[in-house]
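In: when you get a sec, could you give me coordinates for this:
(2 chains)
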Amino acid sequence: MGVDRNSGFTALAWFWIVSLVAAPLLYVIAISFMTRGAYGGVEAVFNLENYRRMSDPQMGATLVSSLGRSILLAGLSTILCMLIGFPLALFLVFRAGRFRSVLFFLLIIPFWTNFLIRTYAWMIILSDNGWLNHMLEKIGFQPQSLHLLFTPQAVLIGMVYNYLPYMAMSLYVSVEKLDTKLLEAGADLGAGPVKRFFQITLPLCFPGLIAGSIMVFIPALGEFVIPDILGGGTSLYVGNLLAQQFLTVRNWPFGSALSVVLILFIGLCLWVFEKVTKGQTEDLLA
Amino acid sequence: MLEVIGVSKKFSATKTVVDDVSLTVAAGEFVSILGPSGCGKTTLLRLIAGLEFPDSGSLRLNGQDITHLEPHRRNVHTVFQRYALFPHMNIFDNIAFGLRCKKVAEKDIKLRVEEMLELANLKGQGGRLVTSLSGGEQQRVALVRALANMPNLLLLDEPLGALDLKLRLQLQQELVAIQKRVKTTFVFVTHDQQEALNMSDRVAVMNKGKIVQLGTPNEIYEFPKCFFVASFVGGINSLKGTLREESGKFLCDVDGLGLYFVEPPNDQKISGSLGAVCLRPEKLTIFSRRPTTMENVAEGNIRALTYLGTHTQFEVTLKNGNNVTVFQQNTQKLAKKVFQAGDRIHLGWQTVQSHYFPENQLQ
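Out: Numbering: from 1, shown residues only, chains lettered A, B, ... in the order given. Take a look at the predicted model:
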């Protein structure tokens, strides 16, 4: 009986992986080698043109600059999420006391609202006639002193806002598991608060930090909605480039080829992450 | 020298964990704080370490007031209950942690850590991960990690509690030997009376946030000031009765059993008050016939006995139904048991071997 049930689960897992992960992926890869039809459809004619096109000077330059912009944005978002998320996680675990679960709940509540609505809400806050400028005016600044909306800064604010919970939650789990006796031992042995953080808390929460970074960096790399809404489409990110091919230009084969390249790039990033962090996480698991 | 002066700590308005405790520990002394769980002994230790701050009272170390000093600023180090070794560091880095905090030169650190590794019987093993160590090894690393900083005072919070009995006994000896070698003042918290009696120069017995008695192991065991100390440190039998005075001598009238001489403390010499004669199991002697050499005798039956080689433990039911435990050394080489279960016997003791406690102290 036990064996049967196990194989049932295994079959289910395989079904899941094949139908939801492998099949779509293979479909994208297959399409990337096909030809675009006259009316935006896909014709099953083998063709390497899509990949060749990425190396032509104009397209290549667009691709590299948008990818560079996306890496910068994703990297900055990840770092800002860390800088905000770590103190937040520490506060929730060590200082929030009986409000801990309420505050943690508040961290999750925004997910109940549609992502687009939340992002549009930031338009209202950041626009020249928005709440932020009104607030600044009230405390004595010039009217409309901040021009944030449709700038890269607005995009960054939106990214950090949307991705922070992933970083904060993954760090929260790590910090919660941290044995406070170790911090006491550190204090006892003469380490001040700063030293305790860098010598004890940070290394022991490293796995959570890495997990959080992956959860922020990778989706942030392909993000195109936030740059569209809060950046006003003024600068092209790799996600926009991709979305355009599928939604506007309707060149699915070329869009698929771009996707494959992006997937390979993300795979490379993960591999580097793994290499960099290998020693440290293994020490902790030993 | 450590001076704890009238220190109190409350965790809430109604919950006083440490209640007006005063204690002086001389330099180089080994003092144990002994008490049941929840008596406030760990909190007292954390107050000395600076991991908690007292609501009132003060702490002085070598004449310096350390009451409000942060833990990392006092030269007091702690060996934690479950060691609290840093899992992301090897043995060497664990031991070097405190020295690095003090910015000691790396080559001096190396020498000091090597010395500590030798003290911990882990010579040349500094590169091992602490997660690969056995319980006893972890305990020793925790000890030398604290000692590496040459503290004025070392605090130990039930450091042997997580080990099995055999290892615990061995480490008790090692710990005392190390303490004698490094001559550091040790304050050792434990709930294990054997450990406290075996290791310490002096023992402070705590109950309900207060130190109820402070003295050498002998004083604590042989001259307990109250019933709590008598019953927590070692076994005790108690026979309840009424105190009577007869021509300057005090007797306890135990219902259905008889009159027994007692020596109550001065403030308890109240004729007619209720109390109990308390007797340690090893202070009682079993006789087959009524002895004439003993000042006090009680009649009873042996209900059960356990032969333990060095001694035999008897469970005796006295004439009035009271159950008492008696230990008899097996001093003679005998092939047979002298007493059998069911035997009618007499228990005898001298008055100085007994204790008297008033009724309000009995649980």
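
In: and for the helix or strand bottoming out on mean pLDDT in chain B, what's in contact with it?
Out: Across the helices and strands of chain B, the lowest-confidence element by mean pLDDT, DSSP states H and E is helix B:165-182, at a mean of 89. Taking C-beta atoms under 8 Å, 6 or more residues apart in numbering or on different chains as the criterion, the residues outside helix B:165-182 that touch it are B:30, B:119, B:135-136, B:139-140, B:143, B:147, B:156, B:159-160, B:163, B:186, B:195, B:198-199. Placement of C-beta: from N, CA and C, glycine included.

In: which of those count as buried?
Out: Under a neighbour-count criterion of 16 or more other C-beta atoms under 10 Å in any protein chain shown, the subset of the contacts of helix B:165-182 counted as buried comprises B:30, B:119, B:135-136, B:139-140, B:143, B:147, B:156, B:159-160, B:163, B:186, B:195, B:199.

In: which of the residues you listed lies closest to chain A?
Out: For the buried ones among the contacts of helix B:165-182, the residue nearest chain A by C-beta to the nearest C-beta is B:Leu147; the value is 11.2 Å.

In: what's the local residue count around residue 14?
Out: All of this is about chain A. Other residues lying near A:Trp14 total 11 when counted by other C-beta atoms under 10 Å in any protein chain shown.

In: actually, chain B is the one I wanted.
Out: For B:Thr14, the neighbour count with other C-beta under 10 Å is 6.

In: now the chain, which segments are flagged as low pLDDT?
Out: You didn't pick a chain, so chain A it is. A:1-5, A:279-286 (pLDDT under 70).

In: sorry, should have said chain B
Out: Going by pLDDT under 70, which is the cut-off in play, chain B has low-confidence ranges at B:363.

In: can you pull up the residues of it that come close to chain A?
Out: Residues of chain B that fall close to chain A, judged by C-beta under 8 Å from any C-beta of the partner chain: B:49-51, B:70-73, B:76-78, B:80-82, B:84-88, B:97-98, B:101-102, B:129, B:131-132, B:145-146, B:149.

In: mind checking the longest strand of chain B?
Out: Residue-count comparison of every strand in chain B, with assignments taken from DSSP state E, identifies strand B:296-307 as the longest.

In: which neighbours does that one have in its sheet, and in what orientation?
Out: Paired neighbours of strand B:296-307 in the sheet (DSSP bridges): strand B:311-318 (antiparallel), strand B:344-349 (antiparallel).

In: turn the ones you listed into CSV, columns for mean neighbour count and distance to A:Gln144.
Out: Conversion of the strands paired with strand B:296-307 to CSV gives the following (neighbours: other C-beta atoms under 10 Å in any protein chain shown; distance: least, C-beta to C-beta, whole Å):
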stretch, mean neighbour count, distance to A:Gln144
strand B:311-318, 18, 91
strand B:344-349, 18, 97
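
In: just send these back as CSV, with distance to A:Leu80 too.
Out: Shown next, in CSV, are those (distance: least, C-beta to C-beta, whole Å):
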stretch, distance to A:Leu80
strand B:311-318, 71
strand B:344-349, 79
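
In: just the C-alphas of the longest strand of chain B, formatted as PDB.
Out: What follows is strand B:296-307 as a C-alpha-only set of coordinates in PDB (Å, rounded to 0.1, in the frame of the first residue of the first chain):
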ATOM      1  CA  ASN B 296      15.800   8.500  71.300                       C
ATOM      2  CA  VAL B 297      14.200   5.300  70.100                       C
ATOM      3  CA  ALA B 298      11.200   4.600  67.800                       C
ATOM      4  CA  GLU B 299       9.600   1.300  67.100                       C
ATOM      5  CA  GLY B 300       8.600   0.100  63.700                       C
ATOM      6  CA  ASN B 301       8.500  -2.700  61.000                       C
ATOM      7  CA  ILE B 302      10.700  -3.100  58.000                       C
ATOM      8  CA  ARG B 303       8.400  -2.700  55.000                       C
ATOM      9  CA  ALA B 304      11.000  -3.100  52.300                       C
ATOM     10  CA  LEU B 305      14.700  -3.100  51.800                       C
ATOM     11  CA  THR B 306      17.100  -2.600  49.000                       C
ATOM     12  CA  TYR B 307      20.600  -4.000  49.100                       C
END
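
In: just the buried residues of it, please?
Out: Going through strand B:296-307 with 16+ other C-beta under 10 Å, the ones that come out buried are B:Asn296, B:Val297, B:Ala298, B:Gly300, B:Ile302, B:Leu305.
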